[in-house]
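Trainee: predicted model and sequence below, questions to follow.
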Amino acid sequence: DARVTQTPRHKVTEMGQEVTMRCQPILGHNTVFWYRQTMMQGLELLAYFRNRAPLDDSGMPKDRFSAEMPDATLATLKIQPSEPRDSAVYFCASGLVLDRRNPSQPQHFGDGTRLSIL
Amino acid sequence: AQSVAQPEDQVNVAEGNPLTVKCTYSVSGNPYLFWYVQYPNRGLQFLLKYITGDNLVKGSYGFEAEFNKSQTSFHLKKPSALVSDSALYFCAVREDTGRRALTFGSGTRLQVQP
């Protein structure tokens, strides 16, 4: 079964450090999503790419977060500088959007990066 | 604008009994509706979707969901719950127009007691 792969699975670091999370979407998928999950806020959409172009990053704090897709096989989410309130599980998901005849294929999620900022 | 509500934080049901997890939605156009399940330390897994057609949608692991346009609901159901169904369930919606991503509900924790 094809899977979305996220690395690292766990990250513990000190406040102020740069954090980079990586995601390998399923081969052939043309949409990539970054989500953050916390007990208080639930599942929040941070960024959404289609064909490697950002379509929506309104949910992402711009001053410290950045999301990119250097190529079709890699998506990155960076936090610099990190803060304790960034502690959460970060999920990447990928999907395939073709045209109006195939409007909504399901997203496939990775198993997340559990981030702890001390 | 699009939104989805899961009114119950937790649902408790005895093994073998039917279960229902509730979801209501709001969209400007026609909805695309999804249910996902999350097990501990894992990402969300797709269960089923409604795009168009029959109001009763069948999905993975014996789950089904009924689309009700007049009540703007998409409740998840299963005739006979298993202990292994215990997990966190998310309803999600997006409009059929535009390029917006899915909007997820807050999640409902299903606890199936032996």
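Mentor: Nice, thanks for sending it over.
Trainee: now the closest residue to chain B within chain A. Nearest residue, chain neighbours left out?
Mentor: When scored by CB to the nearest CB, chain A has A:Phe109 as its residue closest to chain B, at 3.1 Å. Glycine gets a C-beta too; all of them are placed from N, C-alpha and C. Of all residues not flanking A:Phe109 in the chain, B:Gly43 sits nearest, at 3.1 Å (CB to CB, 6 or more residues apart in numbering or on different chains).
Trainee: isn't the one you found up against A:Phe91?
Mentor: Yes. With contact defined as CB atoms under 8 Å, B:Gly43 reaches A:Phe91; the gap is 5.5 Å.
Trainee: show me what from chain B comes close to chain A.
Mentor: B:32, B:34, B:36, B:41-46, B:49, B:51, B:90, B:94, B:96, B:99-104, B:106-107 (CB under 8 Å from any CB of the partner chain).
Trainee: from those, list the buried ones, please.
Mentor: Using 16 or more other CB atoms under 10 Å in any protein chain shown as the burial test, the residues of chain B next to chain A include B:32, B:34, B:36, B:43-46, B:49, B:51, B:90, B:94, B:100-104, B:107 as buried.
Trainee: now, these that are in strands?
Mentor: Secondary structure from DSSP state E places B:32, B:34, B:36, B:44-46, B:49, B:90, B:94, B:103-104 of those in strands.
Trainee: could you report the distance from the closest residue to B:Ser3 other than its chain neighbours to chain A?
Mentor: Distances taken as CB to CB, 6+ apart place B:Ser26 nearest to B:Ser3, at 4.7 Å, with adjacent residues excluded. Noted for B:Ser26: a distance of 17 Å to chain A, by CB to the nearest CB, to the nearest Å.
Trainee: quick one, what contacts B:Ser26?
Mentor: The neighbours of B:Ser26, taking CB atoms under 8 Å, 6 or more residues apart in numbering or on different chains as the test, are B:1-4, B:72.
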